[in-house]
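1. the sequence and its predicted three-dimensional model are supplied below.
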Amino acid sequence: MYKILLIIIACVNISLLQAASDTLIVGTNAEFPPFTYIENGVIIGFDIDIATEVGQRLGKKIQFRDMPFDALIPEIVLGQVDFVAAGMSYTEERAKRVSFTKNYLQQDPLVVFTTNENSMNLSDLNGKTVVVIEGFTADLFMSSIKDVNLIRLPTQADGFMAIKNGRADAFVTSKSTVDAFFEKQDALLFNINFIDGTSETCALAVPINKSEMLADVQEALDDMEKDGTLAQLRIKWKLQ
């Protein structure tokens with residue numbers, strides 16, 4: 001009797017392990033359109049399509065786990081997610097904790113977003129109250145600018161709302177994010193000025209100790225670049 005029970009338990013455990021190996025857990029922060037956001041209760045976006053396509057090419061199912069942006073890298077380090085797809089940019093500091101694929105999106109410049117009545121360039125921000133989203137490229141960039149009253153907010157929607165409500169003078173973010181905002185808001189009410197020499201980039205992040213996974217994910221991205229899939233997704237999400 002005990003032997004039969006042990007055999008059954010062993011078979012169940014093997015079955016569970018096989019099921020788990022068929023699914024990749026992908027961490028994301030669904031508050032960053034057009035990269036990853038929730039619409040009609042479903043997580044969609046450019047990075048969501050990227051991760052889903054990578055999973056298909058690896059023969060894996062994808063399960064997305066939405067979480068705060070600043071929790072993504074700790075979750076990779078703890079082994080709670082297999083990789084991250086969340087509009088994340090490579091930085092030397094992040095690369096100490098996780099590995100990054102090659103960038104699959106570049107040339108997405110930072111802009112100064114304001115109301116039409118309050119148009120500003122980067123040089124006009126001294127002494128002003130400026131919003132950035134915590135942990136993103138704009139935050140890292142603006143942190144090096146002196147004489148700016150920096151407000152760090154958790155989501156892109158919070159940044160746009162701060163400008164609409166007059167809580168801040170300017171919002172520094174990526175152009176692609178503003179483009180997504182303009183699809184639902186009247187662009188004539190606002191103004192953007194490009195910040196020269198800046199560019200938001202995107203890559204997938206994987207555990208630093210899983211070189212085989214990094215190689216497999218990168219191979220899938222390389223194939224997507226070669227066969228035009230990445231180009232099609234950039235067009236779909238207006239990231240050209």
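-> It's in. Numbers count the residues shown, from 1 in each chain.

2. how close does Thr52 sit to Leu72?
-> 18 Å (CB to CB, to the nearest Å). For the C-beta atoms, the positions are set from N, CA and C on the backbone; glycine is no exception.

3. can you get me a residue count around the residue nearest to Glu31 when sequence neighbours are not counted?
-> Nearest non-adjacent residue to Glu31, counting by CB to CB, 6 or more residues apart in numbering: Thr155, 4.1 Å away. For Thr155, the neighbour count with other CB atoms under 10 Å is 17.

4. contacting residues around Thr155?
-> Contact analysis of Thr155 by CB atoms under 8 Å, 6 or more residues apart in numbering lists 31-32, 133.

5. which of those are buried?
-> Buried members of the contacts of Thr155, counted by 16 or more other CB atoms under 10 Å: 31-32, 133.

6. among those residues, which are in strands?
-> Among the buried ones among the contacts of Thr155, the ones falling in strands (DSSP state E) are 31-32, 133.

7. let me know the closest of the residues you listed to Ala203.
-> Ala203 lies nearest to Phe32 out of these, by CB to CB, at 14.3 Å.

8. that closest one contacts Ser176, doesn't it?
-> No. Assessed by CB atoms under 8 Å, Phe32 is found out of contact with Ser176, at 9.6 Å.

9. all helices of this protein, in order?
-> Secondary structure of the chain, counting by DSSP state H: helices at 2-21, 46-57, 72-77, 137-142, 156-164, 175-182, 211-226, 229-236.
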